[in-house]
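Participant: just the structure for this:
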Amino acid sequence: MAHLNILGMGVALVTPFTATTEIDYPALERVIDHVVGNGADFLVVLGTTGETPALSPDEKKAVKEYVRKKTDGSVPLVLGIGGNNTAEVVRQVQEEDLSGYSAILSVVPFYNKPSQEGIFRHFQAIAEASPLPVILYNVPGRTGVNMTADTTLRLAREVPGIIGIKEASGDIHQIQKIMREKPDAFTVLSGDDGMTYPLMALGAEGVISVLGNAYPKEFSEMVHLCLEGNYIEAVEVHFRFRDMIRLLFADGNPAGVKCVMHDMGLIENQLRLPLVPVCPATAGEILNWVEKLR
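Facilitator: Model (predicted):
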């Protein structure tokens, strides 16, 4: 993965909405300028944080193209293409215009809870069909099924085109096994802001971050300190944001980070149903931390 420069602090972009829940492209431009101008190493477009399940196919295409044109090659782009219908995901990766994108991020199939063999064959089919390298995404808290370390390692070893994983299982023992036994060219990225520091101390090469939408400069500095082996300075940033990260996810993602970004003047505090803004009590706690971080 390193040869694609998809390492360091990646930002899982939010999708800003207007008060009437239309996509707010001027706000999206501000967000891109904010994160790219403050140290983001790459961007993930149409991921979970972008509320992608609530976007229409035409909206997804429009967002994908807008980000590509806006960034104009200034940072690598990763496109989220996943689902629980393998044939449909294969069709998308074959038919989608992927120009300007460096890799695909694809989540473990959700809801239908496949076996480990089913997960392996799902990703094998996607990788064989995809013109771009594939980054796996394991997030059992959302999908209802965990991709085990053994399955991840099997995919890393046996399937060409699978180049890394966004690991958000929260299971440190599982991630340590992957780190210890993976091929050298297979990259592990944290999928959990709060675990980025400990995972990078174990050898992970970065993060796909939610927090980076709001605090790209600070979080990028921590990630790059870790990449340089300067864990003493990096841990100070880790502890500074620990409680904020917990609050950002208290009422679901991206409700927490959108609350912060609204306070910063970047976007409206608007989500699409079934997601809603954080409750007033959580908002108060988040904004107290925003003041402390200032």
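Participant: contact partners for the nearest residue to residue 205 once chain neighbours are set aside?
Facilitator: Closest residue to residue 205 apart from its sequence neighbours, by Cβ to Cβ, 6 or more residues apart in numbering: residue 7 at 4.2 Å. From N, CA and C alone the C-beta is placed, and that goes for glycine too. Each residue near residue 7 by Cβ atoms under 8 Å, 6 or more residues apart in numbering is listed here: 1, 41-42, 187, 189, 205-206, 227.
Participant: show me where the stretch 51-200 of the chain has strands.
Facilitator: For the stretch 51-200 of the chain, the strands defined by DSSP state E, counting those that start in this stretch occupy 77-80, 103-107, 134-138, 162-167, 187-190.
Participant: direction included, what does the third one pair up with?
Facilitator: So the one you mean is strand 134-138. Sheet pairing of strand 134-138 (DSSP bridges) gives strand 103-107 (parallel), strand 162-167 (parallel).
Participant: which of these sits closest to residue 174?
Facilitator: Of all the strands paired with strand 134-138, strand 162-167 sits nearest to residue 174, with 7.9 Å by Cβ to Cβ.
Participant: using CSV, list the CA coordinates for the closest one.
Facilitator: Extracted in CSV, the C-alpha atoms of strand 162-167 (Å, rounded to 0.1, in the frame of the first residue of the first chain):
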residue,chain,number,x,y,z
ILE,A,162,-6.0,-6.9,-1.7
ILE,A,163,-3.5,-4.5,-0.2
GLY,A,164,-4.6,-3.6,3.3
ILE,A,165,-7.3,-3.4,5.9
LYS,A,166,-9.1,-0.8,7.9
GLU,A,167,-9.5,-2.6,11.2
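Participant: redo the strands of the stretch 51-200 of the chain as TSV? Include mean neighbour count and distance to residue 17.
Facilitator: Formatted as TSV, the entries for the strands of the stretch 51-200 of the chain read as follows, by neighbours: other Cβ atoms under 10 Å; distance: least, Cβ to Cβ, whole Å:
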stretch	mean neighbour count	distance to residue 17
strand 77-80	24	18
strand 103-107	24	22
strand 134-138	26	24
strand 162-167	26	25
strand 187-190	26	27
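Participant: of the contacts of residue 7 - the most surrounded one?
Facilitator: For the contacts of residue 7, neighbours were counted by other Cβ atoms under 10 Å; the highest total belongs to residue 189, with 31 neighbours.
Participant: so who does that residue touch?
Facilitator: 7, 10, 135, 164-167, 204-208.
Participant: go again with 6 Å.
Facilitator: 166, 206-208 (Cβ atoms under 6 Å, 6 or more residues apart in numbering).
Participant: likewise for residue 199?
Facilitator: residue 190 are the contacts of residue 199 under Cβ under 6 Å, 6+ apart.
Participant: so which of the strands paired with strand 134-138 is nearest residue 181?
Facilitator: Using Cβ to Cβ, the strands paired with strand 134-138 put strand 162-167 closest to residue 181, at 12.8 Å.
Participant: contact partners of that closest one?
Facilitator: The contact list for strand 162-167 (Cβ under 6 Å, 6+ apart) reads 1, 127, 133-138, 152, 155, 175, 186-189, 191, 208.
Participant: and that strand, how far out from the chain middle?
Facilitator: Taking Cα atoms, centre = their mean, to the nearest Å, one finds the center of strand 162-167 at 11 Å from the center of the full chain.
Participant: cool, and stretch 275-285?
Facilitator: 22 Å.
Participant: for it, measure first residue to last.
Facilitator: Stretch 275-285 has an end-to-end distance of 19 Å (Cα to Cα, to the nearest Å).
Participant: likewise stretch 186-205?
Facilitator: End-to-end distance (Cα to Cα), stretch 186-205: 10 Å.
Participant: list the buried ones in it?
Facilitator: Going by neighbour count (16 or more other Cβ atoms under 10 Å), the buried part of stretch 186-205 is 186-200, 204-205.
Participant: swap in stretch 54-67?
Facilitator: Buried residues in stretch 54-67 (16+ other Cβ under 10 Å): 55, 60, 63-64, 66-67.
Participant: which ones among these are found in helices?
Facilitator: 60, 63-64, 66-67 (DSSP state H).
Participant: wait, isn't residue 46 in contact with residue 78?
Facilitator: No: counting by Cβ atoms under 6 Å, residue 78 is not a contact partner of residue 46; they are 9.4 Å apart.
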